[in-house]
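In: predicted model, plus sequence, below.
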Amino acid sequence: MGNRTRLVLLFGGRSAEHDVSCVSARHVAAAADKDRFEVVALGITREGQWRLAELPEPLPDHLDADGLGVAPAEIFAEPDTVVFPLVHGPMGEDGTLQGLLEVADVPYVGSGVLASALCMDKAMAKLVCAQHGLAQCRYRTASAEDHLETVTEQAITELGLPLFVKPANMGSSVGVSRATTEFETVKALEAAAQYDQTLIIEEAVTGQEIEVSVLGNRDPKASVPGEIVPGAEFYDYADKYLTDGAKLVVPAQISESATQEAQRLAVVAYQALRCEGMARVDFLYEPNGRGMLLSEVNTIPGFTPISMYPKLWEASGLPYPQLIETLVDLAIERSERRRQHRRTDR
C-alpha cells in the first residue's frame, strides 16, 4: 500500500455557523478510512485564528477549533495533502477560503471560487439560474440600508403574505424568518440585516421541501431525492440542529416522474452555477401547481449525522466512508486538470 493521503479537515470559522461546522468535522474525521487517510484537523476560531486541533480517541460530539497556533501555508505545503473545507457560511463557503486554497495550490474538496461565491450569494444565484430557465419562487431583493417600512409595503403588494425573509449570504437557516403581518416583515428584515447587506424577500410556497445531493466534476450525478417535513413552522436553525424536530423522509414521497425531474433540474442548476465536487440542491415542490421550484444550492452542505447530503448518497448506494473517498478523488482530479491550464511557459 502506498503512502496515505493527508486529509486536512478545515472547520470552525467566524460565521454564525461555527458550531455546525465543528460537528460536521467530527463526523468526517470518524468516517474517513484510516488506511487511506491521515486525518489532520485544522480549526479556525471565532476570532479567525488558525489552530491545529486535537483528535482524541474516542472523538467527542464535536471538534474544538482550538489548539496549537499554526500558519496554514505550512499545513498546506506538506506533500500528498488534500483539504476538505467544512467551514459553512461567509468566510468559508463564499469563495474566500477557496481562493486561499487556489493560491496555496493545494487540492481541495468542493467547488471553486466562482461557484462558491455565487451559491453563497442567493440573490446572484437566483439571477444566474433564471438565465438558465430554472423555475423559482417569486422574490425581490433589498439592501439593509433601504427604508425597511417602504420595502415591506412594496413586498407585500407584490408578493402578498406570508413572506420569508433571509440574508443573501448565510446558511443553515440563520437569520431566516417567516412573516405573516406588515410588522413582522419589518422585524424580519431588521433581523436579517444583522447578518448581511443584501436581503431577500420570498413568497411563501405551499409545497414539499425536496433536496437532492449532487456529486461530480464534469459529469455530475444526482442522488435519490429526500424530503424534509419540518417540525416547526418552517425548517429553521433549531429544527435542523437543536430540537431534532424535522422528519427526514428518504426517498421523498413524490412520483417517479417528479423524482426524475428533481434529479435532472438539480444537475442543471449545479452546472449552471459551475459547481464541482459536491452540492446539495433544494427545491419547493408544488405537485398541482408550478412543479419543482429551485430554492437554493449549497456548496458545503452539512455532514452531521442528520444532514441530508450524506444520507441521500447512502440511500443511493454510496456509504459515508466511500463518499469521502470519492470527494477526495474528485478534488485531486480537478486540481490536476486545473494545473494543465496554469502553465507559465511560453
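Out: Arrived safely. Everything numeric here is computed off the predicted structure, so don't read it as measured data.
In: contacts for the longest helix seen in the chain next, please.
Out: Across the chain, the longest stretch assigned as helix under DSSP state H is helix 320-339. The contact list for helix 320-339 (C-beta atoms under 8 Å, 6 or more residues apart in numbering) reads 5, 7, 28, 31-33, 36-37, 82-84, 105-110, 112, 215-217, 276-278, 310, 313-314, 318. Where C-beta positions appear, they are placed from N, C-alpha and C, glycine not excepted.
In: on the three-state scheme, the closest residue to Phe37 other than its chain neighbours is what?
Out: Of all residues beyond its chain neighbours, the one nearest Phe37 is Leu7 (4.2 Å), with distances taken as C-beta to C-beta, 6 or more residues apart in numbering. Put simply, Leu7 is strand when judged by DSSP: H, G, I helix; E, B strand; the rest coil.
In: Leu7 pairs with what?
Out: Beta-bridge partners of Leu7, counted by DSSP bridges, are Val39, Val82.
In: quick check, central residue of the chain?
Out: In the chain, the centroid-proximal residue (C-alpha atoms, centre = their mean) is Asn298; its distance is 3.0 Å.
In: chain neighbours aside, what residue packs nearest to that one?
Out: Arg280 (4.7 Å).
In: would that neighbour count as being in a helix?
Out: No. Counting by three-state DSSP, Arg280 falls outside a helix, being strand.
In: quick one, grab the pLDDT at it.
Out: Looking at Arg280, its pLDDT reads 98.
In: same question for Thr344.
Out: Note for Thr344: predicted pLDDT of 56.
In: please apply the same query to Leu52.
Out: On the pLDDT scale, Leu52 is placed at 96.
In: surely the residue nearest to Phe37 and Ala32 touch.
Out: Yes. Applying C-beta atoms under 8 Å, one finds Leu7 in contact with Ala32, separated by 5.9 Å.
In: how about the contacts made by Pro85?
Out: So Pro85 contacts Leu10, Gly92, Glu93, Leu97, Gln98, Leu101, Tyr108, Val109, Gly110, Ile300 (C-beta under 8 Å, 6+ apart).
In: my bad, Gly226
Out: Counting by C-beta under 8 Å, 6+ apart, Gly226 has contacts Ile210, Glu211, Val212, Leu248, Val249, Val250, Pro251, Ala252, Met308, Lys311, Leu312, Ala315.
In: redo that, cut-off 6 Å
Out: Gly226 sits next to Glu211, Val250, Ala252, Met308, Leu312 when contact means C-beta atoms under 6 Å, 6 or more residues apart in numbering.
In: follow-up on the earlier one: now the longest helix of the chain: mean pLDDT?
Out: 96.
In: buried residues in it?
Out: 320-321, 323-328, 330-335 (16 or more other C-beta atoms under 10 Å).
In: convert the C-alpha atoms of that helix to PDB, please.
Out: Output of helix 320-339 as PDB, limited to C-alpha atoms (Å, rounded to 0.1, in the frame of the first residue of the first chain):
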ATOM      1  CA  TYR A 320     -20.400   7.700   4.100                       C
ATOM      2  CA  PRO A 321     -16.700   6.400   4.000                       C
ATOM      3  CA  GLN A 322     -16.900   5.800   0.200                       C
ATOM      4  CA  LEU A 323     -18.500   9.200  -0.200                       C
ATOM      5  CA  ILE A 324     -15.500  10.800   1.500                       C
ATOM      6  CA  GLU A 325     -13.100   8.800  -0.800                       C
ATOM      7  CA  THR A 326     -15.000   9.900  -3.900                       C
ATOM      8  CA  LEU A 327     -14.900  13.500  -2.900                       C
ATOM      9  CA  VAL A 328     -11.100  13.400  -2.300                       C
ATOM     10  CA  ASP A 329     -10.600  11.700  -5.700                       C
ATOM     11  CA  LEU A 330     -12.700  14.400  -7.400                       C
ATOM     12  CA  ALA A 331     -10.600  17.100  -5.600                       C
ATOM     13  CA  ILE A 332      -7.400  15.500  -6.900                       C
ATOM     14  CA  GLU A 333      -8.800  15.100 -10.500                       C
ATOM     15  CA  ARG A 334     -10.000  18.800 -10.500                       C
ATOM     16  CA  SER A 335      -6.600  20.000  -9.200                       C
ATOM     17  CA  GLU A 336      -4.600  18.100 -11.800                       C
ATOM     18  CA  ARG A 337      -7.000  19.300 -14.600                       C
ATOM     19  CA  ARG A 338      -6.700  23.000 -13.500                       C
ATOM     20  CA  ARG A 339      -2.900  22.800 -13.300                       C
END
